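# Coordinates only, no sequence provided:
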């Protein structure tokens, strides 16, 4: 029911949390239903904001949510690996370290 409802919506921003974020796979989670909901939200939004602390960066989870190219902004913390942050910025992502 949630997925059907999301397909009828549109949004300027979608904030999506994840359990893992890599350049190769993108955002991931171990939960298949959460991945489907996150993907549906991202598909209906003009901009996607990923929220992931440093412990999530560089780790790939079981189920992909969206590829890294679908993400416009990453919000993370000051412990984020500077090399990965630089790689994400080179790919065009805005990275906010808070």
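That came through, no problem. Remember, it's a predicted structure, so these values are computed and weren't measured experimentally.

# the longest helix in the protein is where?
Longest helix of the chain, by residue count under DSSP state H: helix 32-44.

# Pull the residues that contact it.
Residues outside helix 32-44 that contact it (Cβ atoms under 8 Å, 6 or more residues apart in numbering) are 2-3, 6-7, 9-11, 14, 16, 18, 27-29, 48, 62-66, 70. C-beta: built from backbone N, CA, C; applies to glycine.

# Which parts of the protein are helices?
So, for the chain - with DSSP H - the helices run 2-6, 32-44, 82-90.

# quick one on the thing from earlier: put the buried members of the contacts of helix 32-44 into a PyMOL selection.
Burial among the contacts of helix 32-44 is assessed by 16 or more other Cβ atoms under 10 Å; the matching PyMOL selection reads:
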select buried, resi 6+14+16+18+27+28+29+48+63+64+65+66+70
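
# Pull out the buried residues from stretch 75-84.
So for stretch 75-84, counting by 16+ other Cβ under 10 Å, buried means 75, 76, 80, 84.

# and residue 93, how many residues sit next to it?
17 (other Cβ atoms under 10 Å).

# Would you mind listing the residues in contact with it?
68, 71, 72, 73, 74.

# quick revisit: could you look over the helices of the chain and pick the most buried one?
helix 32-44 (a mean of 17; mean count of other Cβ atoms under 10 Å).

# Phi first, then psi, for residue 9.
Here is the backbone geometry of residue 9 (degrees, to the nearest 10): phi -100, psi 160.

# In contact with it: list those residues for me.
residue 44.

# Residue 95 too?
Per Cβ under 8 Å, 6+ apart, neighbours of residue 95: 73, 74, 76, 80, 85, 88, 89.

# and the nearest residue to the last one once chain neighbours are set aside, bridged to which residues?
The spatial neighbour of residue 89 that comes closest, neighbours along the chain excluded (Cβ to Cβ, 6 or more residues apart in numbering), is residue 95 at 5.6 Å. In this structure, residue 95 bridges to residue 74 when assessed by DSSP bridges.
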